[in-house]
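> Pasting the sequence and the predicted model now:
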Amino acid sequence: MTKFIVSSTIPFRWLHYFCQTDPDALALSTDNVSVFSKILDDIRINGVWKRTNPARLPKTETALVKHLDCKLKDLHVLDLGASDGSTTLDMARAFKTAGFTNVNLLLADRYLSLTKFTVGYITEYRASDGEPVLMRVGRLGIRLPKSEHDWGWLNNYIAGRYLANTTLRNAMTPVQDISLINPNIAHETTISALEFDALQRQPHLAGRLHALRASNILNLEYFSTTQLRTMVGHIFTYLKDDGLFLASRNVCEAGLEGEHGTIWRKSNGCFNQLESFGAGSEITDIVTRWESE
Ligand SMILES: C[S@@+](CC[C@H](N)C(=O)[O-])C[C@H]1O[C@@H](n2cnc3c(N)ncnc32)[C@H](O)[C@@H]1O
């Protein structure tokens, strides 16, 4: 679907079908956490939405606070697939309110910036690994493959022709880097950002974490069972013994978002389930059956 690029946020769900907020607005964005997150609503990179919102994960925060020891001197928690980090900020506040001191939160995501490229009247936004996200000419934009969920034949045709034009695309020059991290995070000293792909093991994280939260990322819709098993294996190595792993997904029911998730503790070479909320995590089988070699 060709989108009309608008400079403000979009007030109605149905309007997203025709319109998309200009990604350039991210670079101008204010200190308002939810405005920045709303601009991300329409951005999908490599098949996964950047969609997020403050205050959407209270059940995950309650579960983590409940199962972590607030007397821990130096708490390390990683928020995997954190998008712009507005939910990481909520988590920082929840820990503070619960009396945790010395908290270190890692906002981890595969895509923490976009680069804007131009040639003539054409602009293209690419992710940090070069994945094409959006092409626009003036106010008309087309989401590029893996960034559009529901392609019509016309889009397919235009985007296919556009992407095949390597001469044009190679002639583009980068004009701006756009951060996908919420500007409000800058005020929060307990949070640091880390760009990495959850499918690639990060040796520097081995045995470092007291807890890892993965909300709205380890979804069956986004990854194959084999990929999910690989990621669960990496998460296992990042956790300390007795560390916590929480996986959850928000599902829209009758216009309201409901949280469904499960929390496990790492012990004796596997994950032991502690509790679930809503209908539980959709990857419960994968996690519960997972065992270290
Ligand atoms: C739907 S958002 C979830 C944001 C936040 N956790 C929430 O629940 O509001 C999913 C995020 O996962 C990130 N992501 C996708 N694939 C990833 C990967 N392989 N490794 C790390 N992050 C990834 C996306 O860039 C996106 O920001």
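Sure, I can see it.
> What residues does the stretch 151-293 of the chain have near the ligand?
By C-beta under 6 Å from any ligand atom, the residues of the stretch 151-293 of the chain that approach the ligand are 197-199, 215-217. C-beta coordinates here come from the backbone N, C-alpha and C atoms, glycine included.
> filter the residues you listed to the buried ones?
Neighbour-count burial (16 or more other C-beta atoms under 10 Å) is assigned, among these, to 198, 215-217.
> Reformat the residues you listed as JSON lines; add secondary structure and pLDDT.
Below are those laid out as JSON lines (DSSP: H, G, I helix; E, B strand; the rest coil; pLDDT from 0 to 100):
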{"residue": "A198", "secondary structure": "coil", "pLDDT": "98"}
{"residue": "S215", "secondary structure": "strand", "pLDDT": "98"}
{"residue": "N216", "secondary structure": "coil", "pLDDT": "98"}
{"residue": "I217", "secondary structure": "coil", "pLDDT": "98"}
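> Looking at those, which is nearest T230?
The closest of these to T230 turns out to be A198 (C-beta to C-beta; 8.7 Å).
> isn't that closest one right up against D79?
No: taking contacts as C-beta atoms under 8 Å, A198 lies outside contact range of D79: 11.7 Å.
> Mutual contacts of the two, please.
Residues touching both A198 and D79 comprise A108, with contact defined as C-beta atoms under 8 Å, 6 or more residues apart in numbering.
> circling back: export the buried ones among the residues of the stretch 151-293 of the chain next to the ligand to a markdown table and tack on distance to V35?
Below are those laid out as a markdown table (distance: C-beta to C-beta, whole Å):
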| residue | distance to V35 |
| --- | --- |
| A198 | 27 |
| S215 | 21 |
| N216 | 20 |
| I217 | 23 |
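> just checking, what packs against the helix ranked longest in the chain?
The single longest helix within the chain, with elements called by DSSP state H, is helix 225-238. In this structure, helix 225-238 packs against strand 209-215, strand 239-253, helix 284-289, with contacts taken as 3 or more C-beta pairs under 8 Å, 6 or more residues apart in numbering; DSSP states H and E.
> buried sites along it?
Here helix 225-238 shows 228-232, 234-238 as buried, counting by 16+ other C-beta under 10 Å.
> ok, how many other residues are close to I178?
The tally of other residues near I178 (other C-beta atoms under 10 Å) stands at 16.
> can you offset everything so residue one is 369?
In the new count, where the first residue is 369, that last one comes out as I546.
> For whichever strand or helix holds it, what is the distance to the chain centroid?
Taking DSSP states H and E as the definition, one finds I546 inside strand 541-547. Relative to its chain's centre, strand 541-547 lies at 20 Å (C-alpha atoms, centre = their mean, to the nearest Å).
> That strand - contacts with which helices or strands?
When contacts are defined as 3+ C-beta pairs under 8 Å, 6+ apart, strand 541-547 packs onto helix 392-395, strand 481-487.
> between those, which gets nearest to the ligand?
Smallest distance to the ligand across these (C-beta to the nearest ligand atom): 10.9 Å, for strand 481-487.
> Next, the angle from that closest one to strand 541-547.
Using axes from the mean of the first three to the mean of the last three C-alpha atoms, to 10 degrees, the direction of strand 481-487 lies 160 degrees away from that of strand 541-547.
> List the buried residues of the next helix or strand along the chain from strand 481-487.
Note on strand 481-487: by DSSP H and E, the next helix or strand toward the C-terminus is strand 490-495. If you call a residue buried by 16+ other C-beta under 10 Å, then strand 490-495 has these buried ones: 490-495.
> tell me which of the buried residues of helix 593-606 is nearest to the ligand?
M599 (7.6 Å).
> what sits against the closest one?
Going by C-beta under 8 Å, 6+ apart, M599 touches 566-567, 586, 591.
> Of those, which pair is most distant in space?
L567 and L586 (11.1 Å).
> Same list, the buried residues of helix 593-606, but as TSV with distance to C620 and pLDDT please.
Converted to TSV, the buried residues of helix 593-606 look like this (distance: C-beta to C-beta, whole Å; pLDDT from 0 to 100):
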residue	distance to C620	pLDDT
L596	22	98
R597	27	97
T598	28	97
M599	24	98
V600	26	98
H602	29	98
I603	26	98
F604	31	98
T605	34	97
Y606	30	98
